[in-house]
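have a look at this fold, sequence not included:
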């Protein structure tokens, strides 16, 4: 008996996709996904070929094996491939569409294993991750940029005025410069590079991960340009914000 329908359902949920999102990726109607998963219809060969290519599976595995069994060759093979590349500084990529899932699955090795990866030979050994950011609060870093960051194991190692990816229970994933005060160790001040956004504080206990920014990747066409007047206004606003922060910290 073919396992294709159940395997399609398992693989879709593994990636956190809705039936509609999966259907778009496969180029078919959403109703067909439902029919396949409920085993009311058999997936067409061209659909199975796309799924096989996406998940690096053979058609035999997709048709004949129960991939939801954690002891199966699919997950074991994927983990083995990950382990073989550990020494090459494999960087897991968290796109915006996976941000909500990341907050729930950041500590789940299976969730992390299913994220796309890449390597950057210029980085020294370390624990790196890449996050896609949206919005204009960190201009001139444009929306859609990829922030490659290194894991900070201890919040006490945070350096003031350095840029970090902050993963917190209330804010989700944000990219900000951080300021910590010895007088308020239970608070972290988040500062935007764009002076139009005011600094704000989060509770240190709500932060589940900190990643210090090391590199920024973006498209050349997205590069933000500033005129002299804009730069002058930015400097003045930043100076005002710094003065305000210093008063609060003192």
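Yep, it's here. On a predicted model such as this, the values are computed, not experimentally measured, just so you know.

C-alpha only now, for contacts and for neighbours.
Will do.

which stretches of this structure form strands?
Taking DSSP state E as the test, the strands found in the chain are 91-94, 117-118, 128-132, 146-152, 162-168, 172-181, 184-191, 200-203, 207-217.

redo these as TSV? Include distance to residue 53.
Listed next are these as TSV, based on distance: least, CA to CA, whole Å:
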stretch	distance to residue 53
strand 91-94	19
strand 117-118	16
strand 128-132	24
strand 146-152	25
strand 162-168	32
strand 172-181	30
strand 184-191	42
strand 200-203	43
strand 207-217	27
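
list the residues that contact residue 18.
Residue 18 is in contact with residue 12, counting by CA atoms under 8 Å, 6 or more residues apart in numbering.

residue 191: how many residues sit nearby?
Using other CA atoms under 10 Å, residue 191 has 26 neighbouring residues.

which of the strands of the chain is buried the deepest?
Across these, the average number of neighbours (mean count of other CA atoms under 10 Å) peaks for strand 128-132, which reaches a mean of 24.

give me the mean pLDDT for that strand.
For strand 128-132, mean pLDDT rounds to 96.

any residues touching that strand, and which ones?
Contacts with strand 128-132, where a contact means CA under 8 Å, 6+ apart, come from 89-96, 144-151, 165, 211.

mind running it again at 10 Å?
By CA atoms under 10 Å, 6 or more residues apart in numbering, the surrounding residues in contact with strand 128-132 are 89-99, 117-119, 143-152, 165, 173-175, 211-218.

let me see the contact set for the residue most central in space within the chain.
Nearest to the geometric centre of the chain sits residue 94, at 1.9 Å (CA atoms, centre = their mean). Neighbour list for residue 94: 101-102, 112, 115-117, 129-133, 146-147, 173 [criterion: CA under 10 Å, 6+ apart].

report the beta-bridge partner residues of it.
Taking DSSP bridges as the rule, residue 94 bridges to residue 131.

what do you get for residue 210?
On the basis of DSSP bridges, residue 210 takes part in beta bridges with residue 152, residue 166.

hang on, it packs against residue 153?
Yes: Residue 210 is within contact range of residue 153, at 7.5 Å (criterion: CA atoms under 10 Å).

list the residues that are in contact with both of the two.
Common neighbours of residue 210 and residue 153 (CA under 10 Å, 6+ apart) do not exist.

need the contact list for residue 13.
Neighbours of residue 13 in contact, by CA under 10 Å, 6+ apart: 7, 19, 22.

how about the helices in the protein?
Remark: helices assigned in the chain by DSSP state H are 4-15, 19-26, 30-37, 45-55, 59-64, 73-84, 99-105, 109-113, 228-249.
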